[in-house]
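J.: one predicted model, sequence on top.
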Amino acid sequence: MAKLERTNNMILMYSKLIAAAVAIACLAVSGGLFPVWAADIKKKQQQVEQQFRHLYRTIGEKSNTKIKLISGPEAIKMRNGRVPGKRWFATSGQFKFKLTIQDGVDLKVEKLIERLEKLPLPYVRAYEVVSDEKEDGIAVYKSLGGASAHGGKQYINIIPGAGPMVLAHEVGHTLEQKTKESDPEILDKWEAAIEADKVSISNYGDKVRHEDLGEFSKVYAACLDAGEAQLSKLRKLSPARFKLWESILNDVDLSAKDAEVLPRTKN
Ligand SMILES: [Zn+2]
């Protein structure tokens, strides 16, 4: 009798445990127990960059961009810290620009050119933008204080290991800042495009709007390189950024059509 009672009690205990486990499992499935974790995974899968990352590995393998050296090397002092370096002048399509490599850096100019040729021709305009007087064009430094690259209106500085996708991101900063000269509200327009698209490009881009633009520039380069199917997929996912980035990249003034192209209303 006592034994049977103990067995019954144990059955009762086990069934209560199972019920509790089922309840916890249901909670987890419905997203109640690990909502942050589940949301993170979902967000990452939906981020735009995630859907095109596979293109990065092969970018530029069939690129038509051809760069020709026209003079150099010439010994110069580089903008960052006046360190000694060598400079070349180069052309690609309609663009003229400089290449500068710090002395002692283990990167031949031919290798640098190979990497720069991986980006589609419209991106080469940024190489020209950073090649004004007193600027170094694409400049390779031994180190940039822990960063792999910096990009702006007057410089694209990289370390020897920075690849084409890093360059494509920096081109975003260079061309955005160049556009700002004629269109001071360009970043406000970008922010409106982010809101209109209602989609994240990447976690890094989510930090601040000009990094979102840099990240978009990178993804767009990969899609432009890959062809029309990938481009139209990107256009569908992020139509407002797509239109605005093409106007920045190709130096087209959208101001006359702003109202129609870019909804400025904020929700
Ligand atoms: Zn950046």
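T.: On my side now, so go ahead. Numbering: from 1, shown residues only.
J.: what helices or strands is the strand or helix carrying Glu114 leaning on?
T.: Glu114 is part of helix 109-116 when elements are defined by DSSP states H and E. With contacts taken as 3 or more C-beta pairs under 8 Å, 6 or more residues apart in numbering; DSSP states H and E, helix 109-116 sits against strand 68-77, strand 84-92, strand 95-102, strand 138-140, helix 164-182. Placement of C-beta: from N, CA and C, glycine included.
J.: contact partners of the last one?
T.: Where contact means C-beta atoms under 8 Å, 6 or more residues apart in numbering, the residues beyond helix 164-182 that reach it are 56, 59-60, 115-116, 118-119, 123, 125-126, 129-130, 138, 148-153, 156, 158, 186-187, 190, 210, 213-218, 220-222, 248-249, 251, 253.
J.: repeat that for the second one.
T.: Contacts of strand 84-92 with the rest of the structure, by C-beta under 8 Å, 6+ apart, involve 65-78, 96-103, 109, 113, 117, 121, 124, 127, 136-137, 139.
J.: which stretch among the helices and strands packed on helix 109-116 comes nearest the ion?
T.: For the helices and strands packed on helix 109-116, distance to the ion was read as C-beta to the ion. The smallest value, 5.6 Å, belongs to helix 164-182.
J.: tell me the angle that closest one makes with helix 109-116.
T.: For helix 164-182 against helix 109-116, the angle by axes from the mean of the first three to the mean of the last three C-alpha atoms, to 10 degrees is 70 degrees.
J.: now helix 164-182: buried residues?
T.: 164-179 (16 or more other C-beta atoms under 10 Å).
J.: any idea how far it is from the middle of the chain?
T.: 10 Å (C-alpha atoms, centre = their mean, to the nearest Å).
J.: of the contacts of strand 84-92, buried ones?
T.: Applying 16+ other C-beta under 10 Å to the contacts of strand 84-92 flags 65, 67, 72, 76, 78, 97-102, 109, 113, 117, 121, 124, 127, 136-137, 139 as buried.
J.: mind checking how far Tyr56 is from the ion?
T.: To the ion, Tyr56 is 16 Å away according to C-beta to the ion, to the nearest Å.
J.: next, count neighbours for the one residue in the stretch 151-267 of the chain that gets nearest to the ion.
T.: At 4.0 Å from the ion, Gly214 is the closest residue in the stretch 151-267 of the chain, using C-beta to the ion. Gly214: 23 surrounding residues under other C-beta atoms under 10 Å.
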